[in-house]
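[1] test case, fold it:
(2 chains)
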Amino acid sequence: GAGVSQSPRYKVAKRGQDVALRCDPISGHVSLFWYQQALGQGPEFLTYFQNEAQLDKSGLPSDRFFAERPEGSVSTLKIQRTQQEDSAVYLCASSLVFPSGLALETQYFGPGTRLLVL
Amino acid sequence: DQQVKQNSPSLSVQEGRISILNCDYTNSMFDYFLWYKKYPAEGPTFLISISSIKDKNEDGRFTVFLNKSAKHLSLHIVPSQPGDSAVYFCAASTSGSARQLTFGSGTQLTVLP
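    Next comes the predicted model:
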């Protein structure tokens, strides 16, 4: 596809339910990022993959959050035992080049998955 | 502790005039800055970026200015058009990290016809 795609676009979950959010990055993009955006705020970093390797997961808010990218393309963000505070838009972004010095790198975002936990 | 701040939640401008959106940062390690535009129910769309080795970058109607000593950047849109109405996010990253972006909280720009 031409851009980053995410599914589902909307997800309503009951508190305690597990959810899985999918991201299809732009073909060939090495780097993949997950962000969480609360209402009225900017996106906040969750985790980063370079190919299949998860190189940074410092932004994951708890051990209920887990992300994987087993073949270096599609990624899944899983949230176990969802809580109301997990309600947010989850954004996926991809970029083409490896992290490097001052190289100009742009992250391209998908439309997001809006998660509502009741 | 917000490292990237957009202190104006909203801005209204008349069509054809200049829009100036401001952003301040506190982390001196940031060396790459971006502006994203976001429409409702869509993801952020990349608009323009600037490296810390420059103080200005221009792309059509959009110009970003960087003042490193003041830790301040701004986005100028001239002339403003109604289609520019959106939320604008400032973002920053550091070399040597995973290139994760740190975002401001956004400014809602409304261009009045």
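
[2] what kind of secondary structure is whichever residue of chain A sits closest to chain B in?
    Of all residues in chain A, A:Gly42 sits closest to chain B, at 3.1 Å by CB to the nearest CB. For the C-beta atoms, the positions are set from N, CA and C on the backbone; glycine is no exception. Secondary structure, DSSP: H, G, I helix; E, B strand; the rest coil: A:Gly42 is coil.

[3] wait, B:Val78 sits on B:Ile20?
    No: at 9.0 Å, B:Val78 does not count as touching B:Ile20 under the criterion of CB atoms under 8 Å.

[4] what number of residues lie near the residue of chain A closest to chain B?
    Look at A:Gly42: counted by other CB atoms under 10 Å in any protein chain shown, it has 23 neighbours.

[5] my guess is B:Gln81 meets B:Val111, correct?
    Yes: taking contacts as CB under 8 Å, B:Gln81 lies within contact range of B:Val111: 6.1 Å.

[6] check the contact lists of these two and give me the overlap.
    Taking CB atoms under 8 Å, 6 or more residues apart in numbering or on different chains as the criterion, B:Gln81 and B:Val111 both touch B:Glu15.

[7] so the spatially most central residue of chain A bridges to which residues?
    Most central in chain A under CA atoms, centre = their mean is A:Trp34, positioned 2.7 Å from the mean C-alpha point. For A:Trp34, the beta-bridge partners are A:Thr47, A:Cys92 (DSSP bridges).

[8] without its sequence neighbours, what residue ends up closest to whichever residue of chain B sits closest to chain A?
    Closest to chain A within chain B is B:Phe103: 3.1 Å, counting by CB to the nearest CB. Counting by CB to CB, 6 or more residues apart in numbering or on different chains, B:Phe103 lies nearest to A:Gly42, which is 3.1 Å off, once chain neighbours are set aside.

[9] gap between the one you found and B:Leu112?
    A:Gly42 sits 25 Å away from B:Leu112, going by CB to CB, to the nearest Å.

[10] then B:Gln100?
    Distance, B:Gln100 to B:Leu112, using CB to CB: 36 Å.

[11] ok so, going back, B:Gln81 and B:Val111: which has the busier surroundings?
    B:Val111 (21 against 13).

[12] done for today, thanks.
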